[in-house]
Every structure is written in structure tokens, then in C-alpha cells.
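[1] The following comprises the amino acid sequence and a computationally predicted model.
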Amino acid sequence: MSVEGRVGLPLQMHQGTHYQVHGDATKPILVLVHGVGLDHTMWQNQVRDLALNYQVLTYDLTGHGMSHHATSATDLATLAQQLLQLMDHLQLAKVNLVGFSLGGLMARVFATLYPQRLTSLVIMNSVFNRSAHLTSAILDRIAQVDEHGPSANIDQALERWFSPAYASANPTYMMQLRNKVLNNHRPSYSRCYRLFGEGDNAAVAQLDQISCPTLVMTGALDPGSTPAMSHALADKIAMASTHIISEARHMMPVENAHQVNQCLNEFLARHNR
């Protein structure tokens with residue numbers, strides 16, 4: 001079932017999840033889930049394109065944007081339950097699910113817990129089985145976030161996320177994004193950053209339970225969510241393939257929107273006939 005009469009309107013369900021619906025209610029449903037410290041607006045380039053063929057649902061994860069704050073009990077399973085509750089609220093039996101970074105970790109867990117609710121799955125720029133070196137680095141960053149909140153390592157994060165050329169050419173957007181991260185609710189950000197930092201092997205023993213067509217994609221130059229991780233994760237999922245976008249860094253839905261949208265359109269078209 002699609003969502004009638006709610007297209008493009010900012011709404012909030014009774015559990016406190018802020019969401020928006022875009023596009024034609026007769027089209028297949030596509031859910032886009034953002035990364036840590038961000039919100040539903042990161043997908044604006046995808047919404048403009050993909051809403052031509054899909055009804056697109058974007059929302060703010062617990063602890064982000066206008067949704068309710070995270071607590072010490074918030075984990076990847078409760079983030080997956082948040083999406084399940086939103087789907088039930090909107091009477092959506094099955095969706096195509098795209099998760100970016102932290103959203104990709106949640107999407108992976110969702111697919112193992114509720115496989116019958118998915119038509120297809122895309123895990124984008126998401127970590128898997130970090131090396132000892134990367135584990136040590138992320139644990140240091142978690143400690144810094146716990147101490148300093150969203151301001152910890154923000155400049156280094158932006159350098160990892162974007163190419164110097166994009167950052168130089170888009171100073172207004174970069175400032176807006178920096179402010180968005182800095183304005184996160186501090187305890188929520190710390191909790192969700194820890195989920196991102198410690199969740200690389202989430203549901204690893206249950207990955208064989210993912211039963212829908214799956215695409216695992218990242219950027220060739222993403223230093224944290226590497227192509228090797230994407231290939232290794234896809235190898236654990238029965239119906240998975242990989243796609244690596246050349247010259248792309250972490251925030252490729254923004255910087256490399258055309259390539260990302262083309263890849264998503266091609267993958268989704270194969271599984272929504």
C-alpha cells in the first residue's frame with residue numbers, strides 16, 4: 001500500500017518520528033535512511049530524481065533531526081523497530097530500503113529481523129568488519145565524541161566525506177552541513193555515534209537470513225567504508241552484488257548524486273517490475 005494524501009508534507013507520527021513522503025502514491029515505495037549526525041534532508045538530490053518512479057519516504061532516525069532523542073537503550077535493533085513502526089503506521093507491507101552509513105547498519109539489521117517486509121535492499125557507504133587499525137581509530141573518535149560532543153573531529157569528518165574540489169566549490173552547503181552536525185542533541189549524537197563506531201559486525205551471524213535482492217555500494221575513495229568492506233559484506237548475503245563508484249568519497253549521495261541515482265534506478269528497476 002502507498003501513502004495517500006501526504007506527499008511532500010512534513011509530518012510526525014505519534015511515536016515521535018519525523019518523516020516526509022514524496023511522489024506518486026501509485027508507485028512502489030522507496031525508503032531512504034540517512035547517516036549519523038545528519039537527517040532526512042541529505043537525500044534531496046535522490047528525492048528529486050527517484051520520486052519520478054517511486055513514492056519516496058524519508059525520515060529522521062531516533063536521535064536525529066526532529067525525531068525523538070536517543071537514550072542509553074537505543075541500539076540498532078530499536079532503530080530497526082522505529083522503521084517497522086513507521087511502516088505499520090503508514091500501512092506499508094513491503095518497501096525498497098536504502099540505508100547510508102549508520103542507516104546502512106540499521107538497514108542490515110532490519111533485513112535480518114524483518115526480511116518479509118523488504119522488496120529490495122541497498123547498503124550504501126556502510127562499514128563492515130573493520131581492520132584493527134580502523135577499529136583503533138574509530139574507538140578514539142568515539143571517546144572524543146563522548147568528551148566533546150558533535151564538535152569532536154567535525155573538520156576531519158568533512159575532509160573524509162568530500163573531495164577538496166567539492167568543498168571548495170560549495171562553501172555555503174559545507175557551512176550548512178557543518179552547522180547541522182554541530183546542532184545535534186549531544187547525548188543522542190554520542191549514543192548514535194557509538195552505534196556507528198561499534199556496529200561494523202552487527203548481525204554478522206544472521207546475514208544469511210537476508211532474502212531479498214541486495215546491492216552493497218560505496219565510493220572508491222571512501223576511507224572508512226571501503227570497497228573491500230562492501231565486497232566482503234556482499235559475499236555474506238545470498239542475493240547481493242556490489243557497485244563501486246570511482247573517485248567518490250563518503251558523501252557520494254551528495255557529491256556524486258548523478259552516479260548514485262543512476263545506479264539506484266538501474267537496481268530498483270530490476271526488482272520492481
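    Now that the structure is in, tell me what you want to look at.
[2] phi, psi of the residue minimising distance to the centre of the chain?
    The residue at the geometric middle of the chain, judged as the C-alpha nearest the mean C-alpha position with Cα atoms, centre = their mean, is residue 100 (2.4 Å). Note on residue 100: its backbone torsions stand at phi -110, psi 130 [degrees, to the nearest 10].
[3] all helices for the chain, in order.
    Counting by DSSP state H, the chain has these helices, from start to end: 44-50, 76-89, 102-113, 132-148, 154-161, 164-169, 171-182, 186-198, 227-235, 252-255, 257-270.
[4] can you redo these as JSON lines with mean pLDDT, mean neighbour count and distance to residue 209?
    The C-beta positions use only the backbone N, C-alpha and C, and glycine is treated the same way. Converted to JSON lines, those look like this (pLDDT from 0 to 100; neighbours: other Cβ atoms under 10 Å; distance: least, Cβ to Cβ, whole Å):
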{"stretch": "helix 44-50", "mean pLDDT": "96", "mean neighbour count": "18", "distance to residue 209": "27"}
{"stretch": "helix 76-89", "mean pLDDT": "97", "mean neighbour count": "19", "distance to residue 209": "13"}
{"stretch": "helix 102-113", "mean pLDDT": "98", "mean neighbour count": "27", "distance to residue 209": "5"}
{"stretch": "helix 132-148", "mean pLDDT": "96", "mean neighbour count": "14", "distance to residue 209": "25"}
{"stretch": "helix 154-161", "mean pLDDT": "96", "mean neighbour count": "16", "distance to residue 209": "31"}
{"stretch": "helix 164-169", "mean pLDDT": "98", "mean neighbour count": "12", "distance to residue 209": "38"}
{"stretch": "helix 171-182", "mean pLDDT": "98", "mean neighbour count": "14", "distance to residue 209": "34"}
{"stretch": "helix 186-198", "mean pLDDT": "98", "mean neighbour count": "21", "distance to residue 209": "21"}
{"stretch": "helix 227-235", "mean pLDDT": "98", "mean neighbour count": "19", "distance to residue 209": "14"}
{"stretch": "helix 252-255", "mean pLDDT": "98", "mean neighbour count": "24", "distance to residue 209": "27"}
{"stretch": "helix 257-270", "mean pLDDT": "98", "mean neighbour count": "17", "distance to residue 209": "21"}
